[in-house]
Every structure is written in C-alpha cells, then in structure tokens.
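Asker: Need coordinates for the following:
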Amino acid sequence: MSRLRHLRAFGAGHSAPRQAGKLLGVAAGVASLVAVSIVVTGEGAQSSSERAIAAAQRKFIAACPQRRGSDESRGDLNVRVGRCAPGQKPLKLATFPVKAARGPQGPQGPQGPQGPPGTAANAEYGVVSVFVSRGGGTPSRFATFSTALGSPAGSTTGGQFRFTCTPAQAPCKISWGAAVISQRSGTSIAFPRILVHKQANLTPPTMTYCEYADGANNNLGAARVQRVPTLRAAVSATRVPQNLGIGGTLDCGANQPFTPSVKEIWVPAADAVNSNFFDVWVTINFK
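Answerer: Numbers count the residues shown, from 1 in each chain. Now for the predicted structure:
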C-alpha cells in the first residue's frame, strides 16, 4: 500500500508525534495565503533576485518534513517556529507566486481549412489585337482577344469579326500584334492563324475564300512577342505588326506585291462601285 503524503498544518487533521519537537499550529495563517508554492532550499525554482527579495521581506514560512510517527503522518510538512529537528532538510513555503517552468509543447492540432487562392507572382496573360487600315489611314483596332497562359499544351485565344471595304477605302489592310502581360522580361512565342472570307455587296451575295495565313512564315514559324508589365503597355505593344506566312500566292486580288511572309493582308472592294464585306477568323496560340 502506498503511503498517503499530504500537506497540512499542525492542528488540522492528524497530530504530530511528540518526538518531532514542539510545533506551533498556524493553520489559520497558512489558509490566509493567496498562493503558496513549495521551494526547496538551494534549488533554482525562481531567480536569485526573487529569492533575495523574498528573504529580505520574510515572505517564506519554514516547513519541516515529518520523519517519525504513524504511516499516515510520516512525510507530512509541518509549519514550525524555529529550526527543524536534526537531520531534517528544511523546506520553505513561499507566500508569493513563483514563476513556473515552461512545459513541453502539446500535440499539433488539426489543419485548418484552405484559404482562398491567391494570385501567383508568375501569372501571365496573352493579349492579341487585329487591326484594319482603310483608305490608307492609321490601322484601327477591330478586335482584341486575351487568355491566361500556363497550359503545357499552349494557351489559345481568338474569335471572328466583320468589316466593310468600300471602293474609296480599297485596298483595306489586315494586320495583327500580340504581347504577354508578365512580371518577367524577354519575349514569348505566339503562333497565328488568320482566315479571311469575302462577300460582295451584290445580288445574290456570295461568300468566297479570300486569304489564309498560317504561322509567322511559310515554315510554320512562331512570332516572338514582348513581355510587358501592364495592360497599358500591352495595348501599345500590340500595335507592332507581326509577320504572317501566306503560302505561295496572294489570293484576294488586291494587287498586293507578293512575298512569302507579310505584315499585312490586302483586301479589295467588290468593284469600282460596290463594297466587299470581309469575315476575319483569328486563332492565336501562346506557348
């Protein structure tokens, strides 16, 4: 059977045997303490400055462990006036809070819910604009397409638009430009495909093939486009015309000088009196 060891003042509970010496009951005094901590003499449970201040202000009460008596009494701490019995190592009851040592860290709790997705610092967006110049004027932006980049197979954007070319405006000229909005510098790759159909303003109206450009040259090459940090910079960068590979002939009949790679596709009016309507289909793949 294990012995029951407990802290008590003389006069409360069991009586201490006479051999332990004369004890003074101070149960009422001990009970009035706000906080009592056991401090072993010579051990560093508190700092030396705390011990010095406590000793100077007499904030300790001496306590002696009982060595003799019944099984229920041996090991008790008795508050004593004066010194403990010979051979006893006195303990002190501190009447002030003693700073406790930090315990071991507890187990990690469960993981919280995932937060909302952020914007990656390396996010990139491809921007394409297609322009039409009519009557020899400055090219006008007729369409703009955009896509987020990052797919390992490349990211594709594009669409379709229609415009009119009158006899007074002919030849009308189609061009394209692109840029990548990015926090990185250098260039990116864009592969163009542009298909043009025409419909004469005649009766009956007939839609016919006009021109097809595939790649930046006749070897299915890709264009190098600039990386820029903002949309404003991209709007400006797309005004730089990129090359188009148009095959072995120019088929729209606008008397455009032939080269295998062009920066513009010229398209005509229907005749000296009638206009042509043009449908332009655009597909751009960024890698």
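
Asker: drop to CA atoms for contacts and neighbour counts, all remaining ones
Answerer: OK.

Asker: What is the longest strand of this structure by residue count?
Answerer: Looking only at the chain and at elements set by DSSP state E, the strand with the highest residue count is strand 187-200.

Asker: so how far is that strand from its chain's centroid?
Answerer: Between the mean C-alpha location of strand 187-200 and the chain-wide mean there is a distance of 37 Å, by Cα atoms, centre = their mean, to the nearest Å.

Asker: and that strand, which residues are buried?
Answerer: For strand 187-200, the buried set under the neighbour-count rule, 16 or more other Cα atoms under 10 Å, comprises 188-200.

Asker: Packing partners of it?
Answerer: When contacts are defined as 3 or more Cα pairs under 8 Å, 6 or more residues apart in numbering; DSSP states H and E, strand 187-200 sits against strand 172-181, strand 207-214, strand 223-228, strand 276-286.

Asker: Tell me the strands beside it, with direction?
Answerer: In the sheet, strand 187-200 lines up against strand 207-214 (antiparallel), strand 223-228 (antiparallel), strand 276-286 (antiparallel) (DSSP bridges).

Asker: what is the mean pLDDT for the first one?
Answerer: I take that to be strand 207-214. Within the predicted structure, the mean pLDDT of strand 207-214 is 96.

Asker: which outside residues touch it?
Answerer: For strand 207-214, the external contacting residues (Cα atoms under 8 Å, 6 or more residues apart in numbering) are 192-200, 220, 244-247, 250-252, 265, 267.

Asker: Off-centre distance for it?
Answerer: From the chain centre to the centre of strand 207-214 is a distance of 46 Å (Cα atoms, centre = their mean).

Asker: hmm, back to that, highest mean neighbour count out of the helices and strands packed on strand 187-200?
Answerer: Using mean count of other Cα atoms under 10 Å, the stretch among the helices and strands packed on strand 187-200 with the largest mean neighbour count is strand 172-181, at a mean of 26.

Asker: so what's residue 148 scoring on pLDDT?
Answerer: If you check residue 148, the pLDDT there is 97.

Asker: likewise residue 120?
Answerer: The per-residue pLDDT reported for residue 120 equals 63.

Asker: okay, now the domains of this protein?
Answerer: Domains of the chain are assigned by automatic domain parsing as 18-94, 125-286.

Asker: pLDDT averaged over the longest strand of the chain - what is it?
Answerer: With pLDDT averaged residue by residue, strand 187-200 scores 97.

Asker: In contact with the nearest residue to residue 148 once chain neighbours are set aside, which residues?
Answerer: Of all residues not flanking residue 148 in the chain, residue 125 sits nearest, at 4.4 Å (Cα to Cα, 6 or more residues apart in numbering). Residue 125 makes contact with 146, 147, 148, 149, 180, 181, 182, according to Cα under 8 Å, 6+ apart.
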